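Peer 1: Quick one, structure for this:
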Amino acid sequence: MLRFRLAVLLAGLSLAIGCGGPAGPKVYPIKGTLTKGGQPLVLTDKMTGKIRAYLRNDTPGSDLLDLEFDPDGTFTVPGPTRKGIQPGKYKLAVEFWESDYPDMSKEKFKGAMNESRSTAIVEVVPDRDLKIELDDHLKNSLPAPKGNSGMRK
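Peer 2: Presented below is the predicted three-dimensional model:
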């Protein structure tokens, strides 16, 4: 009888320890606005373009974290679990076409805000909306390599 109780106790403990596992890092839902000249970056109904914007932290091999836009120019960053992302500093990259996506020659910022040239860093803080003014970052972007726009193909 003692062996049976001990076996039941050990089985219960192993289930309690094994279920759930580590919770992982805390993530927060993130939302914000992306503006240029104080105006939200939006696509009108007549445009055939696209806004590609994403964040990447400085961890080697980290995933790109897409900004998902609403028609009013606000965005969310759902992260890989769709529950948000960790607080911290992230590099911002933005590519914007009013039409003719993915023709890189029509990209509005001429590659100045793409992943290889953007120097924009944004800080994600829990319970604070991101307010990103592109004009603040465009002036600090790296110049395009000679003979190429510096944009991803």
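Peer 1: any idea how far the spatially most central residue of the chain lies from Glu98?
Peer 2: Note on the chain: the residue nearest the mean C-alpha position is Leu65, at 2.9 Å, using C-alpha atoms, centre = their mean. Noted for Leu65: a distance of 24 Å to Glu98, by C-beta to C-beta, to the nearest Å. Quick note: C-beta positions are derived from backbone N, CA and C, even for glycine.
Peer 1: about what we covered before: hang on, isn't the residue nearest to the centre of the chain packed against Thr59?
Peer 2: No. Applying C-beta atoms under 8 Å, one finds Leu65 not in contact with Thr59, separated by 11.6 Å.
Peer 1: tell me the pLDDT at the residue nearest to the centre of the chain?
Peer 2: Leu65 is assigned a pLDDT of 92 by the prediction.
Peer 1: So for it, what's the nearest residue that isn't a sequence neighbour?
Peer 2: Once flanking residues are discounted, Leu65 sits nearest to Leu55: 4.4 Å by C-beta to C-beta, 6 or more residues apart in numbering.
Peer 1: Once you drop chain neighbours, what's closest to Ala112?
Peer 2: Nearest non-adjacent residue to Ala112, counting by C-beta to C-beta, 6+ apart: Ser141, 4.0 Å away.
Peer 1: okay, now the one you found: neighbour count?
Peer 2: Around Ser141 there are 20 other residues, counting by other C-beta atoms under 10 Å.
Peer 1: rewinding a little: for the residue nearest to Leu65, list the residues it contacts.
Peer 2: Counting by C-beta atoms under 8 Å, 6 or more residues apart in numbering, Leu55 touches 64-65, 67, 77, 85, 90-93, 122, 124.
Peer 1: can you pull the pLDDT of it?
Peer 2: Residue-level confidence at Leu55 comes out at 90, pLDDT.
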